[in-house]
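Undergrad: Model the structure of this input:
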Amino acid sequence: MHRSVFFRLTLFFAFFLASVAAGFYFLALELEHRDDLVKEEKIDRIFSLLRQSVLMPEAERKRFFSARGYGYRPYDPVRASEWEPVFALVPERFGRDIAESVREGRIGILRSDGALNVVIRRPDAPFVISESYRPDYRRWLWGAFAALAFLIVVLFVSIFHSLLPLRRLAGAIRKYGENGTYVPTKMEGKDEIAYVANAFDEAVRKNRALIEARHLFLRNVMHELKTPITVGKLSLPFFEATQEREILERAFRRMEVLIEDMAHVEAVTTQTAVARKEICRLEELVDEAEALMLEMPGTVERRFDAECTLHADRRMMVTVFKNLIDNAWKYSEDRTVQIRCDGKELVFANRGEPWPEDQRFETLLEPFRLTGSPERPSESFGLGLYIVKSILDTHGMTFSHRYEAGRHLFVITVTAD
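TA: Have a look, this model is predicted:
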């Protein structure tokens, strides 16, 4: 889940929104601190003017403050009861006398709607000096935060919605890779995701068309070959027992084996070959594989533990053994294949020269490749090892090769179920 691009995108936008909120919070604290400084300066200015007007008569003091833009009016306790203190603690810059007067209630520093008020509570004629002050930073600050937060949320929803087709595309790719089931991914739109989805859809359609054409070709070839082979085999009893008849019999049997190999190829490539696993003894698998050989050009040396078994599909594993034994005989110097098992590895070994430097094991696993050499041509289509690898993949087993002590070792590594 934490590797999902949607999870990371959500986490990124959540972190981004939280960062913006934190930034606005600290900006608000800074602006509030600056606002407190401005209010301190304004109140300090009022106190300074009060000191200048302390000896003035009431009327003259009123004109004095009015001329400087301040409001001057009698103190109304009912109205002042709705006002709030401007400062939680009296700033030091106002001096000790003012701080004590504020604590004793002789002076009030209060805030009303849109004004700063200094209240002088004299016993004879209390009055209020006011200066209009309405800080507007809160309005634009939180308005800006709300607009930016809304923009971030809209952007997140837009990007998230545009990436949603990725889930459908990823699901289609996963299903196609697991079992060949394809769900069309063609999308409307001109963004990069739609382009990738449509390109993948087109590629899969072409690939499926090629695979279907190949399967159809294999079926047609097998069908067309079966008829002349059957006619040829039925006509063999009418020939005298001569060397030519034996050659024809071997040729027909060889063609039947090739058709069977092609059927295996079709089953593997169409993923219709399902392994029905059971406990198989290696001795029995070798015996059944030898029984399918058209001829026995060499010998098989068996080196098994007393109870060496495989948990596998018997019919498929017989095909694996037959192809590996046949391959070892073809290229062995002494026409001998040695099969051994130590519980973890099943090894088919034959003597032979090392491969040329340009020869790679992966190349031998390709179907319909050219096999043999000019000095030692082969009758094979190169399907044997391809079928072996495909069947072992179906069983979850690995197939590898190594060269040791003058022997080619084709190794099946048995994995635990």
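
Undergrad: Tell me where the stretch 251-400 of the chain has helices.
TA: Counting by DSSP state H, counting those that start in this stretch, residue ranges of the helices within the stretch 251-400 of the chain are 282-291, 314-331, 361-364, 384-395.

Undergrad: ok, Ser101 - how many residues close by?
TA: With neighbours defined by other CB atoms under 10 Å, the count for Ser101 comes to 17. Every C-beta, even on glycine, is put in place using the N, C-alpha and C of the backbone.

Undergrad: That one reaches Ile109, doesn't it?
TA: No: in terms of CB atoms under 8 Å, Ser101 does not count as a neighbour of Ile109; the distance is 10.0 Å.

Undergrad: Name all residues that make contact with Asp313.
TA: 275-278, 391, 394-395 (CB atoms under 8 Å, 6 or more residues apart in numbering).

Undergrad: Run through the stretch 151-300 of the chain and note the low-pLDDT ranges.
TA: The stretch 151-300 of the chain contains residues with pLDDT under 70 at 177-180, 182, 189, 214, 257, 261-262, 264-275, 294-295.

Undergrad: residues touching the residue nearest to Tyr331 when sequence neighbours are not counted, list them.
TA: Counting by CB to CB, 6 or more residues apart in numbering, Tyr331 lies nearest to Gly352, which is 5.6 Å off, once chain neighbours are set aside. Applying CB under 8 Å, 6+ apart, we find Gly352 in contact with 331-333, 406-408.

Undergrad: sorry, back to before: including distance to Gln52 and mean neighbour count, could the helices of the stretch 251-400 of the chain go into JSON lines?
TA: Converted to JSON lines, the helices of the stretch 251-400 of the chain look like this (distance: least, CB to CB, whole Å; neighbours: other CB atoms under 10 Å):
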{"stretch": "helix 282-291", "distance to Gln52": "115", "mean neighbour count": "16"}
{"stretch": "helix 314-331", "distance to Gln52": "109", "mean neighbour count": "22"}
{"stretch": "helix 361-364", "distance to Gln52": "100", "mean neighbour count": "14"}
{"stretch": "helix 384-395", "distance to Gln52": "100", "mean neighbour count": "21"}
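
Undergrad: who wins for proximity to Ile120 among the ones you listed?
TA: Evaluated with CB to CB, the helices of the stretch 251-400 of the chain place helix 384-395 nearest to Ile120, the distance being 96.6 Å.

Undergrad: other SSEs contacting that closest one?
TA: For helix 384-395, the elements it packs on are helix 243-269, strand 309-313, helix 314-331, strand 398-404, judged by 3 or more CB pairs under 8 Å, 6 or more residues apart in numbering; DSSP states H and E.

Undergrad: Now with 6 Å, please.
TA: helix 314-331 (3 or more CB pairs under 6 Å, 6 or more residues apart in numbering; DSSP states H and E).

Undergrad: from the chain's centre, how far out does the helix it packs on sit?
TA: Helix 314-331 has its C-alpha centroid displaced from the chain centroid by 40 Å (CA atoms, centre = their mean, to the nearest Å).

Undergrad: Now for Glu92, how many residues are close by?
TA: A count of nearby residues for Glu92, using other CB under 10 Å, gives 9.

Undergrad: Leaving out sequence neighbours, find the closest residue to it.
TA: Taking CB to CB, 6+ apart, and ignoring the residues beside it in sequence, Glu92 has Ala99 as its nearest neighbour in space, at 8.0 Å.

Undergrad: Pull out the buried residues from the helix or strand where that neighbour lies.
TA: In this structure, Ala99 is located in helix 96-104 according to DSSP states H and E. When neighbours are counted by 16 or more other CB atoms under 10 Å, the buried residues of helix 96-104 are found to be 98, 101-102.

Undergrad: Spit out the contact partners of Arg122.
TA: Listed by CB atoms under 6 Å, 6 or more residues apart in numbering, Arg122 has no contact partners.

Undergrad: Tell me how far it lies from Ser101.
TA: Counting by CB to CB, to the nearest Å, the gap between Arg122 and Ser101 amounts to 11 Å.

Undergrad: Leu346: neighbour count?
TA: When neighbours are defined as other CB under 10 Å, Leu346 has 24 of them.

Undergrad: what's the answer for the one 3 residues further on, then?
TA: Ala349 is flanked by 22 other residues according to other CB under 10 Å.

Undergrad: ok, what's across the strand from it?
TA: For Ala349, the residues forming beta bridges with it (DSSP bridges) are Gln338, Leu409.

Undergrad: Show the contacting residues for it.
TA: Contact analysis of Ala349 by CB under 6 Å, 6+ apart lists 338, 407, 409.

Undergrad: and the first one, how far is that from Val347?
TA: In this structure, Gln338 lies at 8 Å from Val347, with CB to CB as the measure.

Undergrad: Also Ile46?
TA: 102 Å.

Undergrad: Also compute the angle for the longest helix anywhere in the chain relative to helix 96-104, please.
TA: With secondary structure taken from DSSP state H, the chain has its longest helix at helix 5-52. Inter-element angle recorded for helix 5-52 and helix 96-104: 110 degrees (by axes from the mean of the first three to the mean of the last three CA atoms, to 10 degrees).

Undergrad: where does the stretch 1-150 of the chain have low pLDDT?
TA: Applying pLDDT under 70 to the stretch 1-150 of the chain flags the ranges 1-3, 136, 138.

Undergrad: For Arg61, which non-adjacent residue is closest in space?
TA: Closest residue in space to Arg61, ignoring its immediate chain neighbours: Ser53 at 4.6 Å, by CB to CB, 6+ apart.

Undergrad: wouldn't that neighbour be in contact with Ala59 here?
TA: No: the criterion here is CB atoms under 6 Å, and Ser53 misses it with Ala59 at 11.4 Å.
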